[in-house]
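Visitor: sequence plus predicted model, see below.
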Amino acid sequence: MSAEPDWKKTKLSLERPHKDDSGARIPVLLDITPEGEQIVEPIENPTTLLGENLRRIFVERGVDFFERQDQLPIGDELVPPPRESSPVSEDGEHTTDNTRLTMSPEQLLKMRMVITPQLFIALGEMTQARDLLSFLLSSTTPNQPSPVPSLSSTSLTASMVSKPQAISSVDAFNAQLTIGGKDEALRKAADVFKQAASKLERTCLHNEKYWVDALKIRKANWSLVPAPLPVWAPSGKGADRTSKDFLISFGLEESPKHFRRKAVAHLSTHETEMNTLIFSHRQSARLRISLAIMDSTGVAHSAHNTVEVAEKLSLETSLTGAQREVVDEEMFSVLIREASSLPTSSARVAERIIIIDVDHDTELRFEMVDANANLRDTSCGPQTLSATCDLIHATLQALLLAMHAGDKSKRVSAPGSERPSTVANPQSSSELLQPVIDLLQYQQFCVRIKTELDKMVSALTRAGVPCTLRFHPVGEIGQSLQRRLTGEDVLKKVGGEALLRIDERQTLRLTFLSPSSLIAHLPQATLPITSVPQLSQLLSDEVEKCLLTKLCECGSQYSERFGGTWFVDMVSGKTIGRWEGCIVNFSVSFADNFAICSSAHRIGRGNENQMSHVDTYSPHQPTPLISWQLGILEKIVAVS
């Protein structure tokens with residue numbers, strides 16, 4: 001038994017290896033030098049090879065190779081004849097020969113008409129010879145070889161020729177190609193089926209997720225409305241007009257129509273869409289409220305509200321963020337409408353910004369900004385002003401809901417009425433902007449009142465006169481204030497009071513009402529105050545009267561042992577004391593910031609007709625006013 005060939009024992013791979021285990025290209029080895037250096041086949045760049053071939057064409061064939069139009073002659077004259085000397089014209093110039101080296105289309109057609117019949121004749125002869133040889137080979141047997149026919153014999157004989165045995169390496173390579181091609185085809189078919197199966201699985205999972213998300217949205221009490229029918233849906237008589245899908249409505253119920261149309265979303269139906277919810281009309285704009293205030297020292301402070309952008313982590317947060325954006329857009333449209341008819345302030349209105357001068361020290365600004373850009377804006381200004389802006393934003397939302405409730409009650413009470421279609425309907429009063437303006441003006445009004453009262457308290461404290469101040473700018477409780485802001489209470493005003501108690505005996509009570517109403521409640525009268533100078537004058541008069549009374553009481557107590565008499569002359573504004581041989585009076589005046597000053601004068605023996613100045617009390621003295629008075633009285637008594 002013969003041994004099996006080595007090539008049959010060798011396991012051949014399906015493909016010729018052209019890359020190593022790391023994925024790098026295996027070079028083709030051409031030769032190995034005696035020094036052991038390997039010479040590999042260089043990698044040819046197709047672009048470089050094409051450039052070299054084109055360059056060779058121009059070098060070997062001439063630079064006018066593509067411009068030549070002459071064609072070689074047909075038949076035996078394919079080789080162009082040698083050029084003859086061009087004839088010389090009479091003026092000595094050589095004339096050019098019109099013989100062209102390239103064939104024209106007409107000459108090529110003529111050559112084909114000549115050669116084609118001859119080729120067909122040769123094809124027929126060769127076909128006839130092939131058929132004859134096939135017939136002879138089939139009529140003879142392989143065991144009885146026929147003699148080789150001679151030219152003189154009349155019969156033809158055939159001999160059997162065996163096909164030479166194929167080379168083993170060639171057969172192995174052919175088998176490798178065949179098996180590799182079949183393997184590649186099977187792999188491609190398997191990939192097609194795998195992709196189809198994975199696509200079907202993803203589609204099923206997407207459909208399940210679609211309905212799970214829909215149930216979550218409905219469980220969260222978001223409104224689901226029927227989706228409009230597609231354009232291609234039948235609309236004739238008897239056609240099924242039932243909607244096969246739904247939309248998510250997240251707008252306010254009493255909003256105008258175009259805002260409710262914008263506040264619509266739908267669940268994604270394609271796997272390629274990134275987000276679960278699709279907002280077709282979302283603009284990602286939020287309302288930013290900025291407030292700029294200049295304090296009493298002339299320093300300007302500005303801040304804006306905190307714009308919260310909901311992250312797209314869940315369906316609930318996405319819908320909440322989109323609802324806030326629609327509510328902000330509706331509030332801004334109402335603010336634009338009301339800004340043109342403000343009775344107590346001026347406004348400048350643009351497409352996306354409203355600037356209102358609340359008073360000479362306060363500026364209010366409403367602006368629609370990009371919510372994504374606001375994420376990079378981390379500076380909101382002072383915390384107090386920023387909290388005020390947040391409160392204004394929340395108040396606007398409450399006022400908008402109150403306005404919707406009022407519109408709904410009017411619509412329900414009047415039978416046959418319809419919902420208002422636009423926000424451009426004229427309103428009798430400003431329902432959103434004016435309450436906010438009144439509150440800001442009232443806030444600054446209370447700040448100015450508090451500043452004047454603090455100045456007076458500071459002056460009295462430096463003078464050693466005990467005093468207390470109780471200041472309540474908002475006297476209502478939270479529920480009452482909410483009812484007034486939302487319109488449930490007829491009186492949409494906010495009020496407060498301030499109580500100044502001097503020396504634990506005399507009280508000055510002030511009440512104020514938004515936006516700038518101030519009333520002073522005195523023991524003898526009730527006076528309305530319309531300006532800050534009038535308030536300063538009132539405080540000065542009342543505190544002066546109180547100080548004169550206190551100086552009179554202290555003088556009476558001091559001079560009681562020697563029979564002194566004291567009284568207050570309100571006409572001249574002095575406290576006068578008399579005893580034997582002396583008359584003393586004290587007057588009170590005010591400097592800057594209600595700084596208390598006092599002067600002492602006396603009339604003694606020998607100068608009854610002239611009042612001499614004794615001493616003056618200034619706010620810079622560390623001694624209290626009463627102590628200073630007692631010291632002056634001791635000096636006067638010692639001298640007299």
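Guide: Arrived safely, thanks for sending. Predicted model, so just to flag it, every value in this text is computed and none were measured.
Visitor: so where's the stretch 301-450 of the chain uncertain?
Guide: The stretch 301-450 of the chain contains residues with pLDDT under 70 at 310-312, 373-381, 414-429.
Visitor: could you redo the last one with a cut-off of 80?
Guide: Residue ranges of the stretch 301-450 of the chain with pLDDT under 80: 308-313, 344, 371-382, 414-431.
Visitor: which of the helices or strands spans the residue nearest the centre of the chain?
Guide: In the chain, the C-alpha nearest the mean C-alpha coordinate belongs to residue 372, at 1.7 Å (Cα atoms, centre = their mean). Remark: residue 372 resides in helix 371-374, with elements defined by DSSP states H and E.
Visitor: other SSEs contacting the helix or strand following that helix?
Guide: Downstream of helix 371-374, the first helix or strand assigned by DSSP H and E is helix 383-413. On a contact count with 3 or more Cβ pairs under 8 Å, 6 or more residues apart in numbering; DSSP states H and E, helix 383-413 meets strand 285-294, strand 300-304, helix 315-339, helix 433-462, helix 478-486. In short, each C-beta sits where N, CA and C put it, glycine included.
Visitor: what's the distance between the helix or strand following the third one and the middle of its chain?
Guide: Going back to what we said before, that points to helix 315-339. Downstream of helix 315-339, the first helix or strand assigned by DSSP H and E is strand 346-349. Mean-position distance between strand 346-349 and its chain equals 26 Å (Cα atoms, centre = their mean, to the nearest Å).
Visitor: please identify the buried residues of the helix or strand following strand 346-349?
Guide: Counting by DSSP H and E, the next helix or strand C-terminal to strand 346-349 is strand 353-359. By neighbour count with 16 or more other Cβ atoms under 10 Å, strand 353-359 contains the buried residues 353-356, 358-359.
Visitor: from the contact counts, what lies against whichever strand or helix holds residue 183?
Guide: For residue 183, the element it lies in under DSSP H and E is helix 168-219. Packing partners of helix 168-219 (3+ Cβ pairs under 8 Å, 6+ apart): helix 6-9, strand 223-226, strand 264-267, helix 315-339.
Visitor: go with 7 Å
Guide: Identification of packing neighbours for helix 168-219 by 3 or more Cβ pairs under 7 Å, 6 or more residues apart in numbering; DSSP states H and E yields strand 264-267, helix 315-339.
Visitor: which one of those lies closest to residue 44?
Guide: Shortest distance between residue 44 and those, using Cβ to Cβ, is found for strand 264-267: 55.8 Å.
Visitor: ok now the helix holding residue 183, how far from the chain's centre?
Guide: 40 Å.
Visitor: what angle separates it from helix 315-339?
Guide: Following axes from the mean of the first three to the mean of the last three Cα atoms, to 10 degrees, one obtains 60 degrees for the angle between helix 168-219 and helix 315-339.
Visitor: neighbours around the nearest residue to residue 459 once chain neighbours are set aside, how many?
Guide: Spatial nearest neighbour of residue 459, chain neighbours left out: residue 594 (4.1 Å); criterion: Cβ to Cβ, 6 or more residues apart in numbering. Using other Cβ atoms under 10 Å as the criterion, residue 594 is surrounded by 22 other residues.
Visitor: I figured residue 594 hits residue 454, correct?
Guide: No: using Cβ atoms under 7 Å, residue 594 makes no contact with residue 454, being 9.7 Å away.
Visitor: got the contact list for the residue nearest to the centre of the chain?
Guide: residue 284 (Cβ atoms under 7 Å, 6 or more residues apart in numbering).
Visitor: how close does it sit to residue 277?
Guide: 17 Å (Cβ to Cβ, to the nearest Å).
Visitor: equivalent analysis for residue 551, please.
Guide: 78 Å.
Visitor: for the two, work out which one has more neighbours and name it.
Guide: Of the pair residue 551 and residue 277, residue 551 is the one with more neighbours under other Cβ under 10 Å, namely 24 against 19.
Visitor: what about the helix holding residue 183, average pLDDT?
Guide: Throughout helix 168-219, pLDDT has a mean value of 87.
Visitor: run a quick neighbour tally on residue 282.
Guide: Neighbours around residue 282, by other Cβ under 10 Å: 18.
Visitor: once you drop chain neighbours, what's closest to it?
Guide: Nearest non-adjacent residue to residue 282 (Cβ to Cβ, 6+ apart): residue 322, at 5.9 Å.
Visitor: contacting residues for that neighbour?
Guide: With Cβ under 7 Å, 6+ apart, residue 322 has these contacts: 250, 265, 279, 282.
Visitor: I'd like the average pLDDT over stretch 476-487.
Guide: Per-residue scores along stretch 476-487 average to 68.
Visitor: and the gap between residue 20 and residue 26?
Guide: 6 Å.
Visitor: and if you look at residue 255?
Guide: Counting by Cβ to Cβ - residue 255 and residue 26 are separated by 72 Å.
Visitor: more neighbours, the two?
Guide: residue 255 (22 against 11).
Visitor: pretty sure that one is in a strand, no?
Guide: No: using DSSP: H, G, I helix; E, B strand; the rest coil, the assignment for residue 255 is coil, not a strand.
Visitor: for the closest residue to it other than its chain neighbours, give its distance to residue 398.
Guide: Take residue 255 and drop its neighbours on the chain: the residue closest to it by Cβ to Cβ, 6+ apart is residue 330, 5.8 Å away. According to Cβ to Cβ, residue 330 stands 14 Å off from residue 398.
Visitor: likewise residue 328?
Guide: Counting by Cβ to Cβ, the gap from residue 328 to residue 398 is 14 Å.
Visitor: also residue 263?
Guide: Noted for residue 263: a distance of 19 Å to residue 398, by Cβ to Cβ.
Visitor: more neighbours, those two?
Guide: Of the pair residue 263 and residue 398, residue 263 is the one with more neighbours under other Cβ under 10 Å, namely 25 against 15.
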